[in-house]
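3D, please:
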Amino acid sequence: MKKLSVAKIARSPEIEKWLDQFSTVQRPIAESLLLHLRFVSRDEYSEWLRLAVGSIESDASFALFAIRKLDAQEGQVVPYFDAGGNPTFRPPQTLGSEDLVYSLISNIVRGDSSRFLDHPGLDQMREEGVRNVVLIDDSIGSGDRVTSFMRSMMQSKSLLSWWSYGLIRFTIVSYARTREGEKVVVRSMVGSNHPKRIFPKATKIDFKSERVYAGSDLKLRWEKRYEDILRR
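Predicted coordinates for the structure are as follows:
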């Protein structure tokens, strides 16, 4: 995983322009923040995702979905599946990291179309006997984006029924995630974790990440100057 160095910062006109917005006192703090950033290349993420998805154990087909942001309409949850049970229309404009995830899912499915399904509709999931729904993102912070997407999917009575009866499970794959975000996602799911339940909801959802960290542990992430970063 690549990191910036003092020399690289000095040689970059773009970075220098960004640093110019800070005062003489603030600049060293901003530089410290930059030096602690980790950069993941497309190729590194692509290879990691391929291996992570391939390592999920199941004797049935997998349904792969890129996590999307669906615009709420007057505070209402927007269903992910339309009246025909198919994923809703995806706008043509670029959507940043979501576009990359869509592209990588397509590559994974082309490599093993007998095992993986690319954003299937409900009828196809039923016909193929899907038992594992894999939701993919680049990272999970607060967990709100994943939660919102899963709520949209659960507007489908069929999917909600499959989940409630333990016929499907979710695996959420992201290169990095916070422990806090993971807890938010599990709490938001329909169902109970009571031990007397046949299928406690926590047993029906799994996470796969290369890096897992506590979002509240700023000292671990930013080291000695984390208090200066917070103050500025």
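
for Leu51, give its distance to Ala66.
Leu51 sits at a distance of 18 Å from Ala66 (criterion: Cβ to Cβ, to the nearest Å). In short, each C-beta sits where N, CA and C put it, glycine included.

the two: which has the busier surroundings?
Ala66 (24 against 11; other Cβ atoms under 10 Å).

tell me what that one is bridged to.
Ile136 (DSSP bridges).

wait, it sits on Ile105?
Yes. With contacts defined as Cβ atoms under 8 Å, Ala66 counts as touching Ile105 at a distance of 6.0 Å.

what sits in contact with each of the two?
His119, Ile136 (Cβ atoms under 8 Å, 6 or more residues apart in numbering).

ok, the closest residue in space to Glu182 that isn't next to it in sequence - contacts?
Nearest non-adjacent residue to Glu182, counting by Cβ to Cβ, 6 or more residues apart in numbering: Phe207, 5.7 Å away. By Cβ under 8 Å, 6+ apart, the contact list for Phe207 reads Thr171, Ile172, Val173, Ser174, Arg177, Glu182.

from the residues you listed, pick the one nearest Tyr213.
Arg177 (8.1 Å; Cβ to Cβ).

quick check: the gap between the closest one and Ala214.
11 Å.

who has more neighbours, these two?
Between Arg177 and Ala214, Arg177 has the larger neighbour count (other Cβ under 10 Å), namely 25 against 11.

alpha carbons of the longest helix along the chain, as PDB, please.
As assigned by DSSP state H, the longest helix anywhere in the chain is helix 97-111. What follows is helix 97-111, C-alpha atoms only, in PDB (Å, rounded to 0.1, in the frame of the first residue of the first chain):
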ATOM      1  CA  SER A  97     -16.200   4.400  -7.000                       C
ATOM      2  CA  GLU A  98     -19.500   2.800  -7.700                       C
ATOM      3  CA  ASP A  99     -18.600   2.600 -11.400                       C
ATOM      4  CA  LEU A 100     -15.400   0.800 -10.500                       C
ATOM      5  CA  VAL A 101     -17.300  -1.800  -8.400                       C
ATOM      6  CA  TYR A 102     -19.800  -2.400 -11.200                       C
ATOM      7  CA  SER A 103     -16.900  -3.000 -13.600                       C
ATOM      8  CA  LEU A 104     -15.100  -5.400 -11.300                       C
ATOM      9  CA  ILE A 105     -18.300  -7.400 -10.600                       C
ATOM     10  CA  SER A 106     -18.700  -7.800 -14.400                       C
ATOM     11  CA  ASN A 107     -15.200  -9.100 -14.600                       C
ATOM     12  CA  ILE A 108     -15.700 -11.600 -11.800                       C
ATOM     13  CA  VAL A 109     -18.900 -12.900 -13.300                       C
ATOM     14  CA  ARG A 110     -17.300 -13.300 -16.700                       C
ATOM     15  CA  GLY A 111     -14.600 -15.400 -15.100                       C
END
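
so Leu70 sits in a helix?
No. Counting by DSSP: H, G, I helix; E, B strand; the rest coil, one finds Leu70 to be coil, located in no helix.

check contacts around it.
Val78, Tyr80, Thr88, Ser148, Phe149, Ser152.
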